[in-house]
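Trainee: 3D model of this:
(one chain, ligands or ions: 2)
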Amino acid sequence: MLGNFTYCNPTKLYFGKNALDGLKEELPKYGKNVLFVYGGGSIKRNGIYDKVVALLRACGKNIFEDGGVMPNPTTEKLAEGCERARRAGADLILAVGGGSVCDYAKAVSVSAYCGEDPWEKYFIRFEEPSADAKLIPVGCVLTMVGTGSEMNGGSVITNRAQKMKIGHVFGEAVYPKFSVLDPEFTYSLPRYQMIAGIYDIMSHILEQYFSGTDDNTSDYVMEGLLRSLIHSAEIASEDPLDYEARSNLMWTATWALNTFVAKGKDTDWEVHMLGQAVGAHTDATHGMTLSAVSMAYYRHILPYGTHKFARYATNVWNVPAGETEEETARRGLDAMEAWMRKLGLAMSLGALGVTRDMLEGIAASTLVMDGGYKTLTREEILEILEKSL
Ligand code: NZQ
Ligand code: ZN
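Mentor: Numbers count the residues shown, from 1 in each chain. Ligands and ions are numbered 1, 2, ... in the order given. As a prediction, the model looks like this:
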C-alpha cells in the first residue's frame, strides 16, 4: 500500500426494500425545517414524492420544496437553492433523486452561508468551507444509480457561461449524514439512464484501478467489483426488474466511489476530466460522456501501463493470453468495447452532438490530472477527442 492514510466514512446507509422507513429514525435528529430537493419530476410520476412527503409530515416537519434540479446542476440553480435554504432556515436538506440532486444538495449545504461566490471559492480556488462555517446537514434518498454521491463528499457543478463543469470533493462534514438506497426506486429509470449509470460505475472503478505499480489490496477489491458489475449489468439489461441485479448495481456503485478503493493508491480521473469538459459544452448525460471518450483514452495510455492493462484483461475480462503482454492488454480493451457496444452506450462524441469545430473548446475546458500512467499534453487531449469523434 502506498503511504499512510486515515479512513472514515460517516454516511449511514439504509439499504433494501422499504429502506425509506429509515427516515423515521433519521428525521427526528434534525430541526423542523426541511428543504426538500428534487429534480425534474420523475419522483412525482413514480410515487416516491408522495411517500417522502407523508414521512416528512408524520415526523412533524415544515416542508420547503426546491424542485427542478436539472441533470448537471448549474451555478444559477445553486444561487436559487441557497436563497431558498436561507429563507426556509433549513435545518436539513433532504435530496431525493440522482447524483445531480445529491451533488446540488451538498453544494447548497456549503454555499448558503458562505458569504462569497461559491463557484469561485469551491470550484475554481478549491477552498474548503471555513472551520466555523455554518453547513446545513444533507440526507439523500437515491433514485438513480451511478455517481456514488450518496456516500461521498463529491459535488459537481456546471458554469454554463464559462463552459466549465467542475467537481469538488469535500471532506467528511459534507458527506450525506444518511442515505436511503432502495433498489426498487431505480426501476422507473429510462434504459438510457440505467446504462449511463452502469458505465459511470465502471469508469469510477477504472479511474482508480489504472494507476500505480505496487501490489495493492484495493486493486483486487476493484477487480471483484468490476466482475460483479459486468455480470449484473448484463442481467439488468435483459430484465430491468431483476431485483438481485439492480441491488448489486446499487451496492457496487456506492462502493466504487465512497473513497474506500482509492485508499493507499494513486488515482487517475482523466476520463472524468474529458467527460466533464464534454458535458460543459453539450449538457450530455454524464455516463455517456465517459463512454464516448474511454476507448480512445485507454488505448492511448495502454503503452504506459501495459502490465496493468494485461492484468485487467485476464482478471476482469477472462481473455486468453496473447503472445505478448501488450496483445493480452489490447484484447482486454477489445472485450470491454464489445461489452459497452452490446449494452448500448454512446461510443462516440458525435452521438452526443459534438462536432469537429467544438473540439478545441472542449480541449481547453479539460483539466489535466497527473495520477495515472500518462500525464496528457494539450496535443494528446485533442488527439483523443478527435479519435472519439
Ligand atoms: O430530474 P428527474 O426528473 O428526477 O429525472 C432524472 C434525470 O433526468 C432521471 N431519474 C433519476 N432517477 C429516476 C429518474 N427517472 C426515472 N426514475 C427514476 N428513479 O435521470 C436523469 C439523470 O439524473 P441525474 O441525477 O442527473 O443522474 P446521475 O445520478 O448520473 O448524476 C449525474 C451528475 O452527478 C455528477 C455528474 O457530473 C452529473 O452532474 N457526478 C457526481 C459525482 C460525485 N458526487 O461523486 C461523481 C460522478 O463522477 C459524477 O461526476
Ligand atoms: Zn462519474
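Trainee: Kindly report the residues of this structure close to ligand 1.
Mentor: Counting by CB under 6 Å from any ligand atom, the positions of the chain adjacent to ligand 1 are 39-43, 46, 71-72, 97-101, 103, 143-144, 146-149, 152, 154-156, 167, 185-186, 188-189, 193, 197, 200, 257, 272, 286. (Glycine included, C-beta is placed from N, CA and C.)
Trainee: Name only those of those residues that count as buried.
Mentor: 39, 42-43, 46, 71-72, 97-101, 103, 143-144, 146-149, 152, 154-156, 167, 185-186, 188-189, 193, 197, 200, 257, 272, 286 (16 or more other CB atoms under 10 Å).
Trainee: Just these: which are in strands?
Mentor: Per DSSP state E, strands hold the following members of those: G97, G154, S155, V156, G167.
Trainee: Any chance of the backbone angles for the closest residue to the second one other than its chain neighbours?
Mentor: The reference is to G154. Nearest residue to G154, sequence neighbours excluded (CB to CB, 6 or more residues apart in numbering): V169, at 5.1 Å. Backbone geometry at V169, expressed as degrees, to the nearest 10, gives phi -100, psi 100.
Trainee: what about V169, distance to N9?
Mentor: In this view, V169 and N9 are 13 Å apart by CB to CB, to the nearest Å.
Trainee: Contacts only, for the residue nearest the centre of the chain.
Mentor: Taking CA atoms, centre = their mean, the centroid of the chain lies closest to T147, which sits 2.3 Å from it. Shown in contact with T147 (CB atoms under 8 Å, 6 or more residues apart in numbering): G98, G99, C102, D103, G154, G197, D200, A253, L257, H286.
Trainee: just C82 next, same as before
Mentor: Contacts for C82 were tallied using CB under 8 Å, 6+ apart; they are V108, S111, A112, P118.
Trainee: Export these as TSV, with columns for neighbour count.
Mentor: Converted to TSV, these look like this (neighbours: other CB atoms under 10 Å):
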residue	neighbour count
V108	32
S111	27
A112	25
P118	24
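Trainee: For stretch 23-31, what is the distance to the chain centroid?
Mentor: Centroid displacement of stretch 23-31 relative to its chain, using CA atoms, centre = their mean, to the nearest Å, is 26 Å.
Trainee: Over to stretch 152-172?
Mentor: On CA atoms, centre = their mean, the centre of stretch 152-172 falls 11 Å from the chain's centre.
Trainee: ok, M295 touching L345?
Mentor: No. The criterion here is CB atoms under 8 Å, and M295 misses it with L345 at 10.2 Å.
Trainee: what ranges do the strands span in the protein?
Mentor: For the chain, the strands defined by DSSP E occupy 12-15, 33-38, 62-66, 92-97, 138-142, 154-159, 164-169, 178-181.
Trainee: and these as TSV, adding mean pLDDT?
Mentor: Below are the strands of the chain laid out as TSV (pLDDT from 0 to 100):
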stretch	mean pLDDT
strand 12-15	98
strand 33-38	98
strand 62-66	98
strand 92-97	98
strand 138-142	98
strand 154-159	97
strand 164-169	96
strand 178-181	98
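Trainee: Alpha carbons only: can I get stretch 374-383 in CSV?
Mentor: Output of stretch 374-383 as CSV, limited to C-alpha atoms (Å, rounded to 0.1, in the frame of the first residue of the first chain):
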residue,chain,number,x,y,z
LYS,A,374,0.5,9.3,-18.5
THR,A,375,0.0,13.0,-17.9
LEU,A,376,-1.6,14.2,-21.1
THR,A,377,-0.3,17.2,-23.1
ARG,A,378,-2.8,19.6,-24.8
GLU,A,379,-2.0,17.9,-28.1
GLU,A,380,-2.8,14.5,-26.7
ILE,A,381,-6.1,15.7,-25.3
LEU,A,382,-7.0,17.0,-28.8
GLU,A,383,-5.9,13.7,-30.4
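Trainee: in it, what's buried?
Mentor: Buried, per 16+ other CB under 10 Å, within stretch 374-383: K374, L376, E380, I381, L382, E383.
Trainee: And the furthest pair within those residues?
Mentor: Greatest spatial distance in the buried residues of stretch 374-383: K374 and L382, 14.8 Å, computed using CB to CB.
Trainee: before we move on, back to that, pick out whichever of the contacts of C82 sits closest to L389.
Mentor: P118 (34.1 Å).
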